[in-house]
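Student: structure for this input, please:
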Amino acid sequence: MIKQLTREVEARIPAPAADPVVAVLGRQGALPRHLPSGWTIRRLSDLDDARPGEIVLLSGVGVGEVRRARAMLPRRTTIVVVIDEWASAELVAEVLSAGADACVRDGHPAILAGHLVACRRRQLAERWANLDLARAA
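Tutor: Residues are numbered from 1 along each chain as shown. A predicted model of the protein is given here:
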């Protein structure tokens with residue numbers, strides 16, 4: 001009986017998350033030096049190359065490209081957009097309204113890395129929250 005219950009519980013627990021991948025469309029600068037060990041940077045030639053579960057980092061794009069990215073990528077794909085350091089607050093709001101999960105002003109790569117780590121934590125938290133919802137149903 002206990003073995004059966006253990007198997008049922010283990011079947012509902014998500015598999016361990018793979019090491020995070022940041023798929024970059026645009027420039028990445030010195031970002032790799034500031035990410036935790038185990039993280040991978042992968043260059044995208046186009047948004048079509050993005051894979052489910054990756055954090056997509058868009059740099060040097062406009063609001064239209066953010067809208068297009070959100071429309072074509074799976075909803076659970078995290079989109080982070082890097083904008084000019086001196087961009088207006090209105091642009092930040094437009095980028096977030098267009099579907100970006102985070103909008104970061106260009107600056108020190110450690111700040112961007114911190115935002116990416118936070119996005120990854122949210123991804124993992126959502127996996128567990130969805131598990132709890134499925135269990136309650």
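Student: hey, let's count contacts and neighbours off CA atoms from now on
Tutor: Will do.
Student: could you find the closest non-adjacent residue to Leu112?
Tutor: Val104 (6.6 Å; C-alpha to C-alpha, 6 or more residues apart in numbering).
Student: elements contacting the strand or helix carrying the one you found?
Tutor: Element membership for Val104 (DSSP states H and E) is strand 102-105. Counting contacts by 3 or more C-alpha pairs under 8 Å, 6 or more residues apart in numbering; DSSP states H and E, strand 102-105 packs against strand 78-83, helix 89-97, helix 109-136.
Student: Val66 is nearest to which of the ones you listed?
Tutor: helix 89-97 (6.7 Å; C-alpha to C-alpha).
Student: show me the shaky parts of the chain.
Tutor: 1-17, 127-137 (pLDDT under 70).
Student: so what's the residue lying closest to Ala30 once chain neighbours are set aside up against?
Tutor: Nearest residue to Ala30 in three dimensions, chain neighbours excluded: Pro109, at 6.2 Å (C-alpha to C-alpha, 6+ apart). Shown in contact with Pro109 (C-alpha atoms under 8 Å, 6 or more residues apart in numbering): Gly29, Ala30, Leu31, His34.
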